[in-house]
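Trainee: Sharing a model that was predicted from the sequence below.
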Amino acid sequence: MESRDPSLTTPQSEASAGTRYPVSLYTEAQRKRRDESVWTLVQGILAPIQFLIFLCSLALVIRFLLTGEGELAAEMSILLKTLVLYTIMITGSIWEKAVFDEWLFARPFFWEDVFSMAVLALHTIYLVMLLGSFGSVEQRLYVALAAYATYVINAGQFLWKLRIARLQGTGAVAVAA
């Protein structure tokens, strides 16, 4: 039996082949709180900033791993990415509290938050390795790359939910599986 995200399906989807009908991500009251919250704007600003920092950092990390040049730049970029990640996690939690009255793991974003914890854990492991001088530079950078891979998956989850929210806002709720 196929495992499905319960926040994205309704009983109708069980009977339909290959199509999911997402339940509304927001009640009307939650949508109003989302639209009026300053934290929605904060998240909308921080997310693309984090992505740009990620791209630059990824290039610096790969450059160091391939050439041995730019160790400090690579490590500083990971620190900056981690700082922005912590900031977006804290402000995202405040956003969830403002919109859903839950600090984290609100039903519509449960799996995104679960995966965010993995992203946060890997970035934190990198910090512990760096600050505690554990492992080689290359080992730390491979941990950072693992953190970046999970970040890409997590960003995709959030983009998918943004797409669903936009489709629901236009009344087009059927989404291909």
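Mentor: It's in.
Trainee: longest single helix anywhere in the protein?
Mentor: helix 137-170 (DSSP state H).
Trainee: what helices or strands is that helix leaning on?
Mentor: The contact analysis (3 or more C-beta pairs under 8 Å, 6 or more residues apart in numbering; DSSP states H and E) places helix 137-170 against helix 38-67, helix 71-100, helix 110-131, strand 175-176. (Glycine included, C-beta is placed from N, CA and C.)
Trainee: Could you rerun that using 6 Å?
Mentor: Helices and strands touching helix 137-170, by 3 or more C-beta pairs under 6 Å, 6 or more residues apart in numbering; DSSP states H and E, are helix 38-67, helix 110-131.
Trainee: between those, which gets nearest to residue 91?
Mentor: Nearest of those to residue 91, taken as C-beta to C-beta: helix 38-67 at 5.0 Å.
Trainee: and the helices and strands packed on helix 137-170, which is most packed in?
Mentor: Mean neighbour count (mean count of other C-beta atoms under 10 Å) peaks for helix 110-131 among the helices and strands packed on helix 137-170, with a mean of 17.
Trainee: Next, the residues that contact that helix from outside, please.
Mentor: Residues outside helix 110-131 that contact it (C-beta atoms under 6 Å, 6 or more residues apart in numbering) are 5, 82, 85, 89, 104-105, 135, 140, 143-144, 146-147, 150-151, 154, 157-158.
Trainee: Mark which of those are buried, thanks.
Mentor: Applying 16 or more other C-beta atoms under 10 Å to those, the neighbour count classes 82, 85, 89, 104-105, 135, 140, 143-144, 146-147, 150-151, 154, 157-158 as buried.
Trainee: tell me the two of these that are most distant?
Mentor: Within the buried ones among the contacts of helix 110-131, two members stand farthest from each other by C-beta to C-beta: 105 and 135, at 31.6 Å.
Trainee: Where does pLDDT dip in this protein?
Mentor: Residues of the chain that meet the criterion pLDDT under 70 lie in 1-23, 170-177.
Trainee: Off-centre distance for stretch 91-111?
Mentor: Relative to the centre of its chain, stretch 91-111 is centred 13 Å away, using C-alpha atoms, centre = their mean, to the nearest Å.
Trainee: nope, stretch 142-150 is what I meant
Mentor: 13 Å.
Trainee: With just CA atoms, put that stretch into CSV.
Mentor: Output in CSV follows, covering the C-alpha atoms of stretch 142-150 (Å, rounded to 0.1, in the frame of the first residue of the first chain):
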residue,chain,number,x,y,z
TYR,A,142,31.1,16.3,3.7
VAL,A,143,28.8,16.8,6.7
ALA,A,144,28.0,20.2,5.4
LEU,A,145,27.2,18.7,2.0
ALA,A,146,24.9,16.2,3.6
ALA,A,147,23.2,19.1,5.4
TYR,A,148,22.9,20.9,2.1
ALA,A,149,21.4,17.8,0.4
THR,A,150,18.7,17.6,3.1
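Trainee: Sweet, I'm off.
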